[in-house]
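Asks: fold the following, please.
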Amino acid sequence: MSGRPLTELVDEAKGWSAVDWWRLELRSFALTAAQRPLAVLAPKEAMSEHRGITLGSFVQGLAYLYAVAAPVIAAAAMLRWVLGDTAYDFPLAFAGWITLVGLVVTGWSEIQRLRHPRATRAAALRTLALIHAIPGAITALIALTAGREQLGDGTWAWLVVIAADVVVHIAILVRGPLPKGGPQNERENLEWSIREIPASTLAEVMERRNAAIGLLAERGLIDSATAARALATAPGELALTLAPEVQQHAPGSSR
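Replies: You can find the predicted model right below:
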């Protein structure tokens, strides 16, 4: 495991503040998946330590963006067709194809959720369901009314795809944002992420973190009692224990 040395933070420090504990914690987990749920709790002043966009997160973000945009683009194509008052270029197949790809992305996302359960925000889940349900209903309604004469044997399959997308996202909404038997809030998201880190990697994270704490005490930036408290904290609990007053969100709440 590599990454930016934690001792750099100590070397650069003229004093040690609450935000610095979060910076130290974020840098400790920089090369692990636990940094993301930790960053949700961290104050914005410490976010310079967040590694930001990686290739994996970029590709994943594009896939999710596509899945959100697909039903809207499909409905827009159908609206353009019906408002253009033309019998040509009935776009149901186009709408079906892009919805199908988005449905595959949703399926992949659900598999990841089963492998790595995480609590999500109820508002985000409602928004996602509406973005799929309303455009999907518009697409199906236009196809079954103004486009009924354009429906052939093959085109009905695309209606099934669009209906399936709507049903799947309504089912996800009904299921709710909190996985059964999984994390129920942002604090537990962090705890689950840390459990998923390989033992050897987590041991190295803790070794580097504890060495930095020892150096802080050696340099006189923290007292011996604070150092003892810091060394006694579990993985991911350092900043939450030593500097809870500056965290961005209440870690025990679900939203």
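Asks: state which helix of the chain is the longest.
Replies: Ranked by residue count and defined by DSSP state H, the top helix of the chain is helix 55-83.
Asks: helices or strands up against that one?
Replies: helix 92-115, helix 122-144, helix 155-175 (3 or more CB pairs under 8 Å, 6 or more residues apart in numbering; DSSP states H and E). Where you see a C-beta, it was placed from the backbone N, CA and C, and this is true even at glycine.
Asks: could those be laid out in JSON lines, adding mean neighbour count?
Replies: Output for the helices and strands packed on helix 55-83, formatted as JSON lines (neighbours: other CB atoms under 10 Å):
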{"stretch": "helix 92-115", "mean neighbour count": "17"}
{"stretch": "helix 122-144", "mean neighbour count": "18"}
{"stretch": "helix 155-175", "mean neighbour count": "16"}
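Asks: okay if I get those helices as CSV plus distance to residue 79 and mean pLDDT?
Replies: CSV is the format used below for these (distance: least, CB to CB, whole Å; pLDDT from 0 to 100):
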stretch, distance to residue 79, mean pLDDT
helix 92-115, 11, 95
helix 122-144, 7, 94
helix 155-175, 14, 94
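Asks: relative to residue 36, which of those helices is closest?
Replies: Among these, helix 92-115 comes nearest to residue 36, with 13.3 Å by CB to CB.
Asks: now render the helices and strands packed on helix 55-83 as JSON lines, adding distance to residue 194.
Replies: Output for the helices and strands packed on helix 55-83, formatted as JSON lines (distance: least, CB to CB, whole Å):
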{"stretch": "helix 92-115", "distance to residue 194": "16"}
{"stretch": "helix 122-144", "distance to residue 194": "23"}
{"stretch": "helix 155-175", "distance to residue 194": "25"}
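Asks: out of those, nearest to residue 233?
Replies: Once the helices and strands packed on helix 55-83 are compared by CB to CB, helix 92-115 is nearest, at 27.9 Å.
Asks: could you give the mean pLDDT of the longest helix of the chain?
Replies: For helix 55-83, mean pLDDT is 91.
Asks: buried sites along it?
Replies: Buried residues in helix 55-83, counted by 16 or more other CB atoms under 10 Å: 63-64, 67, 70-78, 81-82.
Asks: in the stretch 151-255 of the chain, which spans are helices?
Replies: Taking DSSP state H, counting those that start in this stretch as the test, the helices found in the stretch 151-255 of the chain are 155-175, 186-195, 199-218, 224-232, 238-242.
Asks: a markdown table for those, including distance to residue 138?
Replies: Listed next are those as a markdown table, based on distance: least, CB to CB, whole Å:
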| stretch | distance to residue 138 |
| --- | --- |
| helix 155-175 | 10 |
| helix 186-195 | 35 |
| helix 199-218 | 48 |
| helix 224-232 | 56 |
| helix 238-242 | 46 |
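Asks: can you pull the domain assignment for the chain?
Replies: Annotated domains of the chain cover 7-52+201-246, 55-175 [automatic domain parsing].
Asks: rebuild those as CSV, extending it with distance to residue 191.
Replies: Converted to CSV, the domains of the chain look like this (distance: least, CB to CB, whole Å):
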stretch, distance to residue 191
domain 7-52+201-246, 7
domain 55-175, 11
